[in-house]
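In: next one to model:
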Amino acid sequence: MEKIIRASCRVYGHLLIFYPGDFRRRFGAEMEQLFEELMDDDAQRGPIAITSLWRSALWELLSVAVPLRLQNAAVIAGALSLIASSILFLAFFRAVT
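Out: Predicted coordinates for the structure are as follows:
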């Protein structure tokens, strides 16, 4: 079980990259510490508790990190560019076939 806890903490630490840099610098260490403490507590309660913690962590990633990232104009411009390029490619591909 100890390996699962350590691996989970490493993976969670890597997932923090999805948060904006200033947010990570301000809260990242605390977030990692809290996740590790929760993981240690949940490991004693079993796999369902660990799964529940991961579900919460991933939901937070989607509900907090993604909106914070989308506030960045460069990210929005890049996403719109990707969508426009994809639409043009699909239109071209459809016209050729």
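
In: please count neighbours and contacts with C-alpha atoms only from this point.
Out: OK.

In: mind listing what the residue most central in space within the chain touches?
Out: Geometric centre of the chain, nearest residue: residue 61, 4.3 Å, by CA atoms, centre = their mean. By CA atoms under 8 Å, 6 or more residues apart in numbering, the contact set of residue 61 is 18-19.

In: where does it fall, helix, sheet strand or coil?
Out: Following DSSP: H, G, I helix; E, B strand; the rest coil, we place residue 61 in the helix state.

In: let me see the contact set for residue 54.
Out: With CA under 8 Å, 6+ apart, residue 54 has no contacts at all.

In: sorry, back to before: distance of the residue nearest to the centre of the chain from residue 9?
Out: According to CA to CA, to the nearest Å, residue 61 stands 15 Å off from residue 9.

In: and for residue 71?
Out: Using CA to CA, residue 71 is found at 27 Å from residue 9.

In: higher neighbour count, those two?
Out: A count of neighbours by other CA atoms under 10 Å puts residue 9 above the other of residue 71 and residue 9, at 19 against 11.

In: do you know how far the residue nearest to the more buried one when sequence neighbours are not counted is from residue 55?
Out: Counting by CA to CA, 6 or more residues apart in numbering, the nearest residue to residue 9 once its immediate chain neighbours are dropped is residue 36, at 6.0 Å. Separation of residue 36 from residue 55 (CA to CA): 15 Å.

In: count of residues packed around residue 86?
Out: Neighbourhood size, residue 86 [other CA under 10 Å]: 12.

In: that one in helix, strand or coil?
Out: Strictly by three-state DSSP, residue 86 counts as helix.

In: and it, how far from residue 95?
Out: For residue 86 relative to residue 95 (CA to CA), the value is 14 Å.

In: low pLDDT regions in the protein?
Out: Low-confidence segments of the chain (pLDDT under 70): 72-76, 79, 97.

In: give the contact list for residue 32.
Out: Contacts of residue 32 (CA under 8 Å, 6+ apart): 9, 12-13.

In: done for today, thanks.
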